[in-house]
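Enquirer: quick one, what's the 3D model for this:
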Amino acid sequence: MKAESGFTLVEILIVVVILGILAAIVIPQFTDASTQAKESALASDLQMMRSQLELYKIQHNDNLPDCTDQATFEACILEQTDQYGAVGTQFGPYMGKMPSNPFVDGAATDQILFAATGTCPSSGATGWWMRSDTGEFRANDVDPNHAEY
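Expert: Residues are numbered from 1 along each chain as shown. Here you go, the predicted model:
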């Protein structure tokens with residue numbers, strides 16, 4: 001008689017259980033890495049935007065970009081401007097595109113909520129919040145800790 005080779009059902013079940021245990025250990029680490037990558041991108045975008053706003057302010061006689069609406073603000077940041085903030089050829093552009101907040105879902109990830117006073121609402125309604133009188137720029141998502149980056 002010829003002996004058949006192969007795995008028994010018990011051996012296969014043991015391997016499946018071991019793989020399940022390994023997956024239970026490894027998957028949460030990847031989930032945490034994804035969140036950490038988003039937080040790192042958020043911190044980088046905030047630092048870049050704040051530094052570009054400061055540069056704009058220096059080059060435009062201590063004036064911030066026009067914060068009356070999103071389109072006007074984007075024109076000041078994404079296009080070349082003159083010393084008065086009008087579209088021209090003297091300064092800028094300061095950014096290649098508006099950054100997106102990775103913690104906000106939907107179309108509002110790169111939108112800015114402008115406010116003349118107050119603090120960031122941390123509502124998640126827009127990706128960013130900017131105080132138009134001081135130039136304070138923060139992340140506007142549901143985690144208030146993200147505004148502190």
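Enquirer: what's the burial count for Leu13?
Expert: When neighbours are defined as other CB atoms under 10 Å, Leu13 has 11 of them. Yep, even glycine has a C-beta here, placed from its N, CA and C like the rest.
Enquirer: which SS state does Gly85 fall under?
Expert: Under the three-state scheme (DSSP: H, G, I helix; E, B strand; the rest coil), Gly85 adopts coil.
Enquirer: Gly20 - how many residues pack around it?
Expert: By the criterion of other CB under 10 Å, Gly20 has 10 neighbours.
Enquirer: do the same with Met49
Expert: Applying other CB under 10 Å, I find that Met49 has 20 neighbouring residues.
Enquirer: can you confirm it is in a helix?
Expert: Yes: following the definition three-state DSSP, Met49 is counted among the residues of a helix.
Enquirer: can you give me phi and psi for the closest residue to it other than its chain neighbours?
Expert: Nearest non-adjacent residue to Met49, counting by CB to CB, 6 or more residues apart in numbering: Phe137, 5.5 Å away. Reported as degrees, to the nearest 10, the phi and psi values for Phe137 are phi -130, psi 120.
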